[in-house]
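Undergrad: A predicted structure for the sequence below; I have some questions about it.
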There are 2 protein chains.
Amino acid sequence: MINYPTKKARPVNAQPTKSHKNRGVRLEKLINDTNAYYLAQNIAVIHKKPVPVQIVNVAYPRRSLAQIKEAYYKTPSTTDYNGLYQGQYIDFDVKETKSNTSFPLKNIHQHQIDHLKAVHEHGGLAFIIIYVYRFDQAFLLPYPSIDIFLKRAKTGRKSMTLDEIKTHGFVIQEGFRPRLDYLKALDTWQASFKNSA
Amino acid sequence: MINYPTKKARPVNAQPTKSHKNRGVRLEKLINDTNAYYLAQNIAVIHKKPVPVQIVNVAYPRRSLAQIKEAYYKTPSTTDYNGLYQGQYIDFDVKETKSNTSFPLKNIHQHQIDHLKAVHEHGGLAFIIIYVYRFDQAFLLPYPSIDIFLKRAKTGRKSMTLDEIKTHGFVIQEGFRPRLDYLKALDTWQASFKNSA
């Protein structure tokens, strides 16, 4: 989030328009707002997990105030979001791609893949939410689809094309309340599953 | 965890024997070890949530190293543990009581009660794991039982007696692998539920 002072500026990517500039930052907020709405409306109980930190040193400037003076980021062992919807365990992470052509699979980290796989195998609903700048559109991409592309990547291309995301993903409508109704996309996914069974 | 330097020492509670002294610290480790065992054995996917902190200031002593220089503890909005077991969402917190007679309900914080209630109402399995020093025994106490005592507390006593914990809770066996087999206690709870249905 905060760049090292002497770090060179990244080459400006001309692709995203001005309104897209802070889209990545916004995306997490949209999901958090949506989760707050789901909770308030008694639709689902879904929370973002805190960022894991290793706390090394704590000071007490006042008796009632604990101030962490030294801590380090730790690698998470799971995804960022999980919760409960209509009796089902759901688990996901949020990604985005500014590419005009594809989403590199290396952007889904190994610990996230391992966790999503475990969730899927234990009967939970595992997926990623991926925002594609080019389409100005977020998709819910089920883990079983991701798995197809991970298997292909062993011998073939290391990314999903945007068209593949469109084909395998479920469109998430953006609106006012909720901001990003991803559970509706999840309903569509589950309905398609039942229809094909 | 770390006491304010000038804080007066608490009166020594003569009750717990020496071997019990660090029991509270140990309890969380036992649960974490148990979860690692469940995951490795492909029995369940259950993780402790990181402690939520508000990060205010980050320094970069080396380019590759982010060092958090100022941060504060935040109040969690959920319980400490959740996960997936046999297709079911499970959610719990861990407590203990050194009292010879009872467990004060105020030790279950309002945000934990609200969250456990929501989980229960949305079809998840909500409970607390409570270690009773007097019995040297941990119990799984389902949320519906806790709710009975919370309702009583509105007009009556503000605690559960140790006998009530024994009656309403399910004994958790302590062993070598896993250390605290709370999912076995959960199985017993679920079986009792089916039998009474």
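TA: That came in fine, so what should we check first? Numbers count the residues shown, from 1 in each chain, chains lettered A, B, ... in the order given.

Undergrad: scan chain A for its longest helix.
TA: Criterion DSSP state H: the longest helix present in chain A is helix A:23-40.

Undergrad: same for that helix, what does it pack against?
TA: Where contact means 3 or more CB pairs under 8 Å, 6 or more residues apart in numbering or on different chains; DSSP states H and E, helix A:23-40 is packed against strand A:45-48, strand A:81-85, strand A:88-97, strand A:125-132, helix A:182-196. All C-beta atoms are positioned from the backbone trio N, CA, C, and that covers glycine.

Undergrad: in TSV: the ones you listed, plus mean neighbour count and mean pLDDT.
TA: Shown next, in TSV, are the helices and strands packed on helix A:23-40 (neighbours: other CB atoms under 10 Å in any protein chain shown; pLDDT from 0 to 100):
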stretch	mean neighbour count	mean pLDDT
strand A:45-48	22	98
strand A:81-85	24	98
strand A:88-97	22	97
strand A:125-132	24	97
helix A:182-196	15	90
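
Undergrad: so for B:Pro142, which of the ones you listed sits nearest?
TA: strand A:81-85 (16.1 Å; CB to CB).

Undergrad: now name the helix or strand holding A:Ala118.
TA: A:Ala118 is part of helix A:110-121 when elements are defined by DSSP states H and E.

Undergrad: ok and that helix relative to strand B:81-85, angle-wise?
TA: Angle, helix A:110-121 to strand B:81-85, by axes from the mean of the first three to the mean of the last three CA atoms, to 10 degrees: 50 degrees.

Undergrad: list the buried ones in helix A:110-121?
TA: A:Gln112, A:Ile113, A:His115, A:Leu116, A:Lys117, A:Ala118, A:Val119, A:His120 (16 or more other CB atoms under 10 Å in any protein chain shown).

Undergrad: does the third one touch A:Thr78 like I think?
TA: Yes. Contact criterion CB atoms under 8 Å: A:His115 and A:Thr78 qualify, at 4.8 Å.

Undergrad: now do the shared contacts for these two.
TA: A:Asp91 (CB atoms under 8 Å, 6 or more residues apart in numbering or on different chains).

Undergrad: before we move on, back to that, contacts for the longest helix of chain A, please.
TA: A:16, A:43-48, A:81, A:83, A:85, A:94, A:96, A:129, A:131, A:133, A:138, A:174, A:177-183, B:118.

Undergrad: quick one, that helix and strand A:125-132 angle?
TA: Using the same axes, to 10 degrees: helix A:23-40 against strand A:125-132 is 140 degrees.

Undergrad: tell me where the model's unsure across chain A.
TA: Filtered on pLDDT under 70, chain A yields the residue ranges A:1-24, A:196-197.

Undergrad: how much space between A:Ser99 and A:Asp93?
TA: Using CB to CB, to the nearest Å, A:Ser99 is found at 18 Å from A:Asp93.

Undergrad: next one: A:Met160
TA: 15 Å.

Undergrad: do the same with A:Pro142
TA: A:Pro142 is 13 Å from A:Asp93, by CB to CB.

Undergrad: my guess is A:Gln112 meets A:Ser77, correct?
TA: No. Taking CB under 8 Å as the definition, A:Gln112 is not a contact partner of A:Ser77, at 9.6 Å.

Undergrad: report the contact partners of A:Ser77.
TA: Applying CB under 8 Å, 6+ apart, the residues contacting A:Ser77 are A:His111, A:His115, B:His47.

Undergrad: in space, what's closest to the residue minimising distance to the centre of chain A - neighbours in sequence excluded?
TA: In chain A, the centroid-proximal residue (CA atoms, centre = their mean) is A:Val94; its distance is 1.0 Å. Of all residues not flanking A:Val94 in the chain, A:Ile129 sits nearest, at 4.9 Å (CB to CB, 6 or more residues apart in numbering or on different chains).

Undergrad: try A:Ile46
TA: Closest to A:Ile46 by CB to CB, 6+ apart is A:Gly83, at 3.1 Å.

Undergrad: try A:Phe149
TA: Counting by CB to CB, 6+ apart, A:Phe149 lies nearest to A:Met160, which is 4.9 Å off, once chain neighbours are set aside.

Undergrad: identify the residues contacting the one you found.
TA: Counting by CB under 8 Å, 6+ apart, the residues that A:Met160 touches are A:Ser102, A:Phe103, A:Leu105, A:Phe149, A:His168.

Undergrad: measure the residue of chain A most remote from its centre to chain B for me?
TA: Of all residues in chain A, A:Arg63 has its C-alpha farthest from the mean position, at 38.7 Å, by CA atoms, centre = their mean. Distance, A:Arg63 to chain B, by CB to the nearest CB, to the nearest Å: 5 Å.

Undergrad: my guess is A:Tyr143 meets A:Leu116, correct?
TA: Yes. With contact defined as CB under 8 Å, A:Tyr143 reaches A:Leu116; the gap is 4.7 Å.

Undergrad: now for the two: what residues contact both?
TA: A:Ala126, A:Phe127, A:Ile128.

Undergrad: could you dump these to TSV with distance to A:Gly156?
TA: Putting the shared contacts of A:Tyr143 and A:Leu116 into TSV (distance: CB to CB, whole Å) gives the following:
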residue	distance to A:Gly156
A:Ala126	23
A:Phe127	23
A:Ile128	20
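
Undergrad: just those residues now: which is nearest A:Ser192?
TA: The closest of the shared contacts of A:Tyr143 and A:Leu116, once distances to A:Ser192 are taken by CB to CB, is A:Phe127, at 13.1 Å.

Undergrad: please report how far that closest one lies from B:Leu116.
TA: 26 Å.

Undergrad: before we move on, what about A:Ala153?
TA: From A:Ala153 to B:Leu116 the distance is 41 Å (CB to CB).

Undergrad: run the chain-centre distance for stretch A:104-115.
TA: Between the centre of stretch A:104-115 and the centre of its host chain there is 11 Å, according to CA atoms, centre = their mean, to the nearest Å.
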